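Chemist: Turn this into a model:
(one chain, ligands or ions: 1)
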Amino acid sequence: MSAEHESGPTAAKQEIAPAKGKLGVMVVGLGAVATTMIAGVEAVRRGLAKPIGSLTQMGTIRLGKRTENKVPYVKDFVPLANLNDLVFTGWDIFEDNVYESAAHAAVLDKETLLALKPYLETIKPLPAVFDQHYVKRLHGTHVKKGKNKRDLADQLIEDIRNFKKTVDRVVMIWCGSTEIFLEPTAVHESIETFEKGLETSDIGIAPSQIYAYAALKEGVPFANGAPNLTVDTKALIELSKQNAAPICGKDFKTGQTFMKTVLAPAFKARHLGVRGWFSTNILGNRDGEVLDDPQSFKTKEESKLGSLEYIFQPELYPDLYKDLYHKIRINYYPPRGDDKEAWDNIDIFGWLGYPMQIKVNFLCRDSILAAPIALDLVLFLDLAKRTPGLRSIGIQEWLSFYLKAPQTAAGLYPEHDLFIQSMKLKNTLRHIMGESLITHLGLEYYD
Ligand SMILES: NC(=O)c1ccc[n+]([C@@H]2O[C@H](COP(=O)([O-])OP(=O)(O)OC[C@H]3O[C@@H](n4cnc5c(N)ncnc54)[C@H](O)[C@@H]3O)[C@@H](O)[C@H]2O)c1
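Modeler: As a prediction, the model looks like this:
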């Protein structure tokens, strides 16, 4: 028998606290994605539909050797919260309850929404922390007032504490609008400078950071579904570690970037060159309206641009990718609502430099793709919080699988390749459960 195994090293099983009782989910922004997730969870709980697209609900995980045939469901393998134990609440700048907001988003059909109406109507948003400076296209009416940003953070902390009284554990997820492009400044250097900045209402602190601060201060895990800077700062990473409140971000990887991070690794694996990649989108939902503002678009553009650069590594493969021209366009086009259409034109070249083209036309539904991602992030962050080896490490890089611009430790480049991300996620689950990692070596079968 050779020393190498298809399954690699095994660590000791960790003492993961059980998922007992109710998991409270605090959602910032009860718009299209959030209401599609909440209504979807309720539809699944009632047996009206299946949780398609959710790895935690539909996925399996192979354990041990291929000959062992051990393939449990992910949700039976790791102690995740049961969907029946999820309790939702949230904040929005509009007063609409989740039924009204879902009807406005028009993602789910009327019949489904009517069946769920009595439940959805009970979820009413708390007044939000909002400032139009950071999202130009929205005019909020249901917003908190405070003498400075510290006061607003305290009001959010109060909301969290009140909710905590009704559930056993809490996770927060940002499903709010995309804020203007911000870069870290001196105020984000440390917890101390950040807290001073809250007192002086520093302009570098966006509303999403006030929510994140409140969550982390309370030891509540925080996921960022938008491309905003939010928790991608030294101060909030430090706070996440200090208070054992896991974080991950940013920007749900749903349509076009999802396809990109599947196709680009394939070209790279075959050493095919890429000269140009032109991506354009039309969408007509509120997200599209917000992204019509150049400053919010810039935030999204930065988040979408990174994936190819990291996957192709032009510095290692100059002959193949040095001259790649990558362009992204998002056009607000109201008639389409949430039914986004994306086109990609990819100019590739092969043997001896001969050119070829690939066209991808993805007629997707934005929030239908995003909802299961939001759900999985909530469930996995709650798992991370209960897992000794994960709860105090801050950034949960193993959740990159779900994100367009994955957060990583300082100095590390992000892994964008969907299949590397999938392996990283599953190996993390094996690792915390004391199962062998899967290396795919497999020489032992040929001894
Ligand atoms: N749908 C997707 O496929 C997808 C993919 C990746 C990322 N995203 C991001 O997810 C976010 C949500 O997308 P959506 O389609 O649900 O948008 P949406 O416009 O339907 O919902 C956003 C909601 O957030 C609210 N909001 C804005 N600022 C807020 C604040 N400070 N506090 C509380 N609420 C606030 C808005 O009123 C709105 O109801 C966006 O940032 C979007 O870019 C969406």
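Chemist: residue in the stretch 1-150 of the chain nearest to the ligand?
Modeler: The stretch 1-150 of the chain approaches the ligand most closely through residue 31 (1.8 Å), counting by Cβ to the nearest ligand atom. Backbone N, C-alpha and C define where each C-beta goes, glycine included.
Chemist: Now do that residue against residue 335, distance only.
Modeler: Residue 31 sits 19 Å away from residue 335, going by Cβ to Cβ, to the nearest Å.
Chemist: ok so, going back, next, the contact list for the residue lying closest to the residue of the stretch 1-150 of the chain closest to the ligand once chain neighbours are set aside, please.
Modeler: The shortest distance from residue 31 to any non-neighbouring residue, by Cβ to Cβ, 6 or more residues apart in numbering, is to residue 286 (5.9 Å). Counting by Cβ atoms under 8 Å, 6 or more residues apart in numbering, residue 286 makes contact with 31, 32, 105, 177.
Chemist: Spatially, which two of the residues you listed are the most separated?
Modeler: Spatial extent of those (Cβ to Cβ) is set by the pair 105 and 177 at 12.8 Å.
Chemist: between these two, what contacts are shared?
Modeler: Listed as contacting both residue 105 and residue 177 by Cβ under 8 Å, 6+ apart are 31, 286.
Chemist: The biggest helix by length in the chain and the ligand, are they touching?
Modeler: Longest helix of the chain, by residue count under DSSP state H: helix 366-386. Yes: remark: helix 366-386 sits within contact range of the ligand at 366, 367, 369, 370, by Cβ under 6 Å from any ligand atom.
Chemist: would you list these in JSON lines and tack on neighbour count and distance to residue 392?
Modeler: Output for the residues of helix 366-386 next to the ligand, formatted as JSON lines (neighbours: other Cβ atoms under 10 Å; distance: Cβ to Cβ, whole Å):
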{"residue": "366", "neighbour count": "26", "distance to residue 392": "34"}
{"residue": "367", "neighbour count": "30", "distance to residue 392": "33"}
{"residue": "369", "neighbour count": "19", "distance to residue 392": "32"}
{"residue": "370", "neighbour count": "26", "distance to residue 392": "29"}
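Chemist: Using CSV, list the CA coordinates for the lengthiest strand in the chain.
Modeler: Counting residues, the longest strand found in the chain (DSSP state E) is strand 273-283. The C-alpha trace of strand 273-283 is given here as CSV (Å, rounded to 0.1, in the frame of the first residue of the first chain):
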residue,chain,number,x,y,z
GLY,A,273,-5.2,32.6,-24.5
VAL,A,274,-7.8,35.3,-23.9
ARG,A,275,-7.5,38.7,-25.7
GLY,A,276,-10.8,40.3,-24.7
TRP,A,277,-13.8,39.8,-22.4
PHE,A,278,-16.7,42.1,-22.9
SER,A,279,-19.5,41.7,-20.4
THR,A,280,-22.7,43.7,-20.5
ASN,A,281,-26.0,43.5,-18.5
ILE,A,282,-29.4,44.9,-18.5
LEU,A,283,-31.6,44.9,-15.4
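Chemist: Return the member of the contacts of residue 286 nearest to residue 73.
Modeler: Among these, residue 32 lies closest to residue 73 (Cβ to Cβ), at 28.7 Å.
Chemist: Which stretches in the stretch 301-447 of the chain count as strands?
Modeler: 325-332, 341-349, 355-363 (DSSP state E, counting those that start in this stretch).
Chemist: now the first one, how far from the chain's geometric center?
Modeler: Mean C-alpha position of strand 325-332 versus that of the full chain (Cα atoms, centre = their mean, to the nearest Å) differs by 21 Å.
Chemist: buried set for that strand?
Modeler: By 16 or more other Cβ atoms under 10 Å, the buried positions in strand 325-332 come out as 326, 328, 330, 332.
Chemist: hmm, back to that, more neighbours: residue 31 and residue 335, which one.
Modeler: Remark: of residue 31 and residue 335, residue 31 carries more neighbours, 26 against 7, as counted by other Cβ atoms under 10 Å.
Chemist: Spell out which parts of the protein neighbour the ligand.
Modeler: Within the chain, the positions adjacent to the ligand are 28-34, 91-94, 105, 128-130, 135, 138, 175-178, 207, 225-226, 251-252, 254, 285-287, 290, 366-367, 369-370 by Cβ under 6 Å from any ligand atom.
Chemist: so of those residues, which ones are in helices?
Modeler: Of the positions in those, 32, 33, 34, 105, 207, 286, 287, 290, 366, 367, 369, 370 sit in helices, assigned by DSSP H.
Chemist: now those in CSV, with pLDDT?
Modeler: Shown next, in CSV, are these (pLDDT from 0 to 100):
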residue, pLDDT
32, 95
33, 97
34, 98
105, 93
207, 97
286, 80
287, 78
290, 84
366, 89
367, 94
369, 96
370, 97
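Chemist: who's in contact with residue 58?
Modeler: Residues in contact with residue 58 (Cβ under 8 Å, 6+ apart) are 50, 51, 52.
Chemist: 7 Å - rerun?
Modeler: Residue 58 makes contact with 51, 52, according to Cβ atoms under 7 Å, 6 or more residues apart in numbering.
Chemist: Now mean pLDDT too, for the strands of the stretch 301-447 of the chain, in CSV please.
Modeler: Formatted as CSV, the strands of the stretch 301-447 of the chain follow (pLDDT from 0 to 100):
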stretch, mean pLDDT
strand 325-332, 91
strand 341-349, 96
strand 355-363, 97
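Chemist: Dump those strands into a markdown table; add distance to residue 218 as well.
Modeler: Listed next are the strands of the stretch 301-447 of the chain as a markdown table, based on distance: least, Cβ to Cβ, whole Å:
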| stretch | distance to residue 218 |
| --- | --- |
| strand 325-332 | 35 |
| strand 341-349 | 38 |
| strand 355-363 | 39 |
